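Student: just the structure for this:
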Amino acid sequence: MFLRIMNPVNSAAGYHKFDGIVPKMAIIFVTLLISLWFSNQTSVKLNSEIRELEQTRDMEKIRSKKLEINMISMISGEKLTEAAIKRYGFKQPSSGQVVVVQREHSFLGAKF
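Tutor: This next block holds a predicted model:
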């Protein structure tokens, strides 16, 4: 049996039915590799764009908070108190909670 397989006369007849399949399989394999590569490149590009957009969103949120703080600081004291109570849930302090501390001047001057 072993010698029969090694004999070129006997083994060549079995390969004729696979002659057209190997090139077709190679073409399919290469096509799949190319499509997977393009798919991967598209995915990488989309992930990069998503990260950039998320960073932009975070930066805009920070900018919005800064603008809101600037806007609130420009409002009068009454409106500031009203905004603190309504937006952030602050409460008016009771009579014993507020303690005014006088600042003593240091030897470095009044700025410190």
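Student: centre of the chain to stretch 75-85, how far?
Tutor: 36 Å (Cα atoms, centre = their mean, to the nearest Å).
Student: T81: neighbouring residues, count only.
Tutor: T81 has 13 neighbouring residues, counting by other Cβ atoms under 10 Å. Every C-beta, even on glycine, is put in place using the N, C-alpha and C of the backbone.
Student: got the CA positions of the helix or strand hosting it in CSV?
Tutor: Assigned by DSSP states H and E, T81 belongs to helix 77-88. Coordinates of each C-alpha in helix 77-88 appear next as CSV, following Å, rounded to 0.1, in the frame of the first residue of the first chain:
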residue,chain,number,x,y,z
GLY,A,77,-25.6,88.7,44.9
GLU,A,78,-29.4,88.1,45.1
LYS,A,79,-29.5,86.2,41.8
LEU,A,80,-26.3,84.3,42.8
THR,A,81,-28.0,83.2,46.0
GLU,A,82,-31.1,82.2,44.1
ALA,A,83,-29.1,80.2,41.5
ALA,A,84,-27.1,78.4,44.2
ILE,A,85,-30.3,77.4,45.9
LYS,A,86,-32.2,76.3,42.8
ARG,A,87,-29.4,74.8,40.7
TYR,A,88,-27.1,73.3,43.2
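Student: low-confidence ranges in this structure?
Tutor: 1-19, 105-112 (pLDDT under 70).
Student: pull the longest helix from it.
Tutor: Secondary structure of the chain read by DSSP state H shows that its longest helix is helix 21-74.
Student: what's in contact with the helix holding T81?
Tutor: 72-73, 75, 90-92 (Cβ atoms under 8 Å, 6 or more residues apart in numbering).
Student: now it and helix 21-74, what's the angle there?
Tutor: If you take axes from the mean of the first three to the mean of the last three Cα atoms, to 10 degrees, helix 77-88 sits at 150 degrees to helix 21-74.
Student: one step back: nearest to V44 among the contacts of helix 77-88?
Tutor: I72 (42.5 Å; Cβ to Cβ).
Student: tell me the contacts of that closest one?
Tutor: Contacts of I72 (Cβ under 8 Å, 6+ apart): 80, 83.
Student: and the gap between it and K66?
Tutor: 11 Å (Cβ to Cβ, to the nearest Å).
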